[in-house]
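> Curious how this folds, go ahead:
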Amino acid sequence: MRAAALILALLLGAGGRAVARSITLDEAVILARAQSVDAAVALNELRKSYWSYRTYRADLLPEVNFNATIPSYRKSYSPYQHEDGSYTFVRNNVMQMSGEISVEQSIWPTGGTLSLNTSIDWLRQLDRGAFNRFMSVPVALTLSQPIFAVNNVKWNRRIEPVRYEEAKANFVSATEKVAMNAVAYFFDLLMAKENLGIARQNYSNARKLHEVAVAKREMGQISRNDLLQLELNLLNAESSLTDRESSYRAAQFALSAFLDIEDGEELDPVVPAEVPAGDVVYADVLDKALANNSFSRNIRRRQLEADYEVAKAKGAMRQITLFAQVGYTGTADNAGDAYSRLKDNQVVEIGFKIPLLDWGKRRGNVKVAESNRMVVESRLRKEQMEFSQDIFILVERYNNQRRQLAISQRADTIAEARYNTNVETFMVGRISTLDLNDSQLSKDESRQAMINQLYLYWRYYYQLRSLTLWDFATGRGIDADIDRIIKGS
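The predicted structure is shown next:
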């Protein structure tokens, strides 16, 4: 009995392992969010959307410009028509300089542009009798207003804030998807580690069993067929061990590369001891997803963009523009006098372009835009239905997964105990090699199934977080300080 116990201890002992850095699932997720390439991609997408939104906001504010030409010199000939209708060419030899400061502001309700300008122009004739001339426009107020055309400013004020809110929600969802990828890489390595441990144990057991079988065969206690079967088991175990070692190294490299960890540092994944507790309710999950997820913003933005295209097509059916300018101007031979004895400077123009015959082209463009809007609306309804359906399925799987995990954990414990019992029983010759092989296969499959069920639980959990932007473990929303993230990047 003492000899049997000693052999059993050798059979169940694991091979030696190199010292490695232990890493938990939470640590892997934190590292992935902080330094993975996927996290950097999500941050760059957020930064692009942030500056696009800042540009839109700047377009709504007054713009101050300074335009200048210093100098402009021309020495050329230009045609001149006499009173009798004949032409000649006159010589121009002139130097000019000009400067203008303008303040422009978009008019949000109407889509027009209002500008306030001040300018001065200087001209010097360089031929005989050269002289200077100055023209000033101390102040001029200019209005440019399209009539019946689409108000681009109004539509941008509707669409751009929704687009930015969508981008922010996308960023938070992307960080949760980074966590999902980290979970996948972590459990790939954990599964590879378990498979390698199983392969090492199986090889050690197969080698010891073969040694015991050789001794029993010499004493005539087992048949030659059983001995050959155990020898075949030893060869298969050695082949499996080699394959598992290669898979383990590949999984090590994949997780290290994803987490941006230096090469050469071996990671030892720790099996999560606990899982998030509690079931979730479909109606609650759907409400949080519709309130927080980028999907609802995406739906709203695409609907607005479809309406915008229809408005642009209708506005292009006719073009009427109002241009008006009021101000003062002055001219003199010197700069000071150019700002005295000012005169009114007023311009009013109304231009229009109305198609008399376009063979229905513009009206056709309106019909195309309206048809595209109906297509978009149909697609949005379908996507909303599929979104709700996907959430329902995910909730069912998540709630069911706790039971599946408990079953797999219990099966793993039973299969391990059965295998240990069968090894001991085989040592005293009470079961065959086929029964021993069957218990070993059940043990290996049960352990792999338990790890896979654990992975699915965590995957469903982070998938729920990604869709709802809600932490069900703490009962709080997942928020991000966008300004701090942008500034810190």
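> if I look at Arg91, how far off is Tyr164?
For Arg91, the distance to Tyr164 equals 59 Å [CB to CB, to the nearest Å]. (Glycine included, C-beta is placed from N, CA and C.)
> One more: Gln201?
Taking CB to CB, one finds Gln201 at 55 Å from Tyr164.
> And Ala213, by the same measure?
For Ala213, the distance to Tyr164 - CB to CB - is 72 Å.
> Of Arg91 and Tyr164, which one has the most company?
Comparing Arg91 with Tyr164 by other CB atoms under 10 Å, the one with more neighbours is Tyr164, at 20 against 10.
> ok, and the closest non-adjacent residue to that one?
Excluding the flanking residues, the one nearest Tyr164 by CB to CB, 6 or more residues apart in numbering is Tyr53, at 4.1 Å.
> Pull the contacting residues for Phe89.
Going by CB atoms under 8 Å, 6 or more residues apart in numbering, Phe89 touches 77-80.
> I'd like those residues written out as CSV, with secondary structure, distance to Arg300 and pLDDT added.
As requested, these are exported to CSV (DSSP: H, G, I helix; E, B strand; the rest coil; distance: CB to CB, whole Å; pLDDT from 0 to 100):
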residue, secondary structure, distance to Arg300, pLDDT
Tyr77, strand, 62, 90
Ser78, strand, 58, 90
Pro79, strand, 60, 91
Tyr80, strand, 63, 89
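> And those, which is closest to Val281?
Using CB to CB, Ser78 comes nearest to Val281 of these, at 82.7 Å.
> before we move on, the earlier item: just send the contacts of Phe89 back as JSON lines, with distance to Ala169 and neighbour count too.
Shown next, in JSON lines, are those (distance: CB to CB, whole Å; neighbours: other CB atoms under 10 Å):
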{"residue": "Tyr77", "distance to Ala169": "65", "neighbour count": "10"}
{"residue": "Ser78", "distance to Ala169": "62", "neighbour count": "9"}
{"residue": "Pro79", "distance to Ala169": "64", "neighbour count": "8"}
{"residue": "Tyr80", "distance to Ala169": "67", "neighbour count": "10"}
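> A helix includes the residue nearest to Tyr164, no?
Yes: Tyr53: assigned to a helix according to DSSP: H, G, I helix; E, B strand; the rest coil.
> Hmm, it is touching Arg163, no?
Yes: contact criterion CB atoms under 8 Å: Tyr53 and Arg163 qualify, at 7.4 Å.
> Helices along the stretch 151-300 of the chain, start to end?
Residue ranges of the helices in the stretch 151-300 of the chain, as given by DSSP state H, counting those that start in this stretch, are 152-218, 224-258, 282-292, 294-315.
> In CSV, list those helices along with mean pLDDT.
Output for the helices of the stretch 151-300 of the chain, formatted as CSV (pLDDT from 0 to 100):
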stretch, mean pLDDT
helix 152-218, 90
helix 224-258, 90
helix 282-292, 93
helix 294-315, 93
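> Could you dump those helices into a markdown table with distance to Phe134 added?
Shown next, in a markdown table, are those (distance: least, CB to CB, whole Å):
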| stretch | distance to Phe134 |
| --- | --- |
| helix 152-218 | 37 |
| helix 224-258 | 70 |
| helix 282-292 | 63 |
| helix 294-315 | 43 |
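> now the strands: where do they sit in this structure?
Under the criterion DSSP state E, the chain contains strands at 21-23, 63-81, 87-106, 113-125, 131-147, 267-269, 319-332, 343-353, 470-471, 476-477.
> In the sheet, which strands lie alongside the fourth one, parallel or antiparallel?
Strands flanking strand 113-125 in the sheet, each with its direction: strand 87-106 (antiparallel), strand 131-147 (antiparallel) (DSSP bridges).
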